[in-house]
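> Kindly return the folded structure for what I paste below:
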Amino acid sequence: MPRSINVILTVCIFFLGSTTVYTADNPKLSYTPYESQKVIFDFYFDEPDKINTALYWIRSLMTPLMDSPYDYAPEFLDIKVMIHGTEIVALTKKNYQRYKNAVDRMRYYESLGVQFKVCALAAHDFGYQDKDFFDFVQIVPSAMTELVHWQMKGYGLITPRIYDKKFSTDEIR
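Next comes the predicted model:
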């Protein structure tokens with residue numbers, strides 16, 4: 001084959017192949033073939049307000065699965081949240097005004113089937129009784145036994161890590 005035809009073929013192959021190459025202007029999203037999910041979140045934070053950020057972890061699990069191409073209905077997601085740190089105060093009726101945003105978001109997630117569980121030992125340590133918590137909260141004997149139980153039933157454990165943001169997104173880009 002003459003050299004000029006070789007060069008033309010090479011150039012054509014390069015350009016044809018380049019249409020599928022990753023570029024900053026045309027990233028390719030890969031859709032893993034997910035199946036229905038069983039997850040237990042472990043919420044144990046040193047500051048109660050961190051529950052607001054932790055709730056985004058639930059959204060980050062649910063939203064992609066409920067959107068196209070998966071289109072899972074909420075009943076195909078089995079999500080539990082074990083709460084046993086300082087954020088327990090956000091689930092008490094008397095603190096509703098302070099944690100209204102978090103409580104309203106939890107109520108929404110609960111309407112989609114997410115179960116919120118509070119450790120009775122932690123509740124006792126904070127001086128709370130069952131009646132102090134909202135009606136969507138389940139009180140369980142112990143966070144530790146609950147976490148082990150659900151993991152033994154095949155639930156994936158997700159433990160959100162919530163850090164104090166020291167720099168804006170623009171500063172670290």
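
> Work out the gap between stretch 127-145 and the centre of the chain.
22 Å (C-alpha atoms, centre = their mean, to the nearest Å).

> So what touches it?
If you take C-beta atoms under 8 Å, 6 or more residues apart in numbering as the criterion, stretch 127-145 is touched by 42, 44, 82-84, 88, 91-94, 103, 106-107, 110, 115-123, 146. Glycine gets a C-beta too; all of them are placed from N, C-alpha and C.

> Just to be sure, which of those are found in strands?
42, 82-83, 115-119 (DSSP state E).

> Taking the residues you listed, please make a PyMOL selection of just the buried ones.
To isolate the buried ones among those in PyMOL, judged by 16 or more other C-beta atoms under 10 Å, type:
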select buried, resi 42+82+83+115+116+117+118+119
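
> I'd like the ones in strands among the contacts of stretch 127-145 laid out as a markdown table, including distance to residue 56.
Formatted as a markdown table, the ones in strands among the contacts of stretch 127-145 follow (distance: C-beta to C-beta, whole Å):
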| residue | distance to residue 56 |
| --- | --- |
| 42 | 15 |
| 82 | 17 |
| 83 | 16 |
| 115 | 18 |
| 116 | 15 |
| 117 | 19 |
| 118 | 20 |
| 119 | 22 |
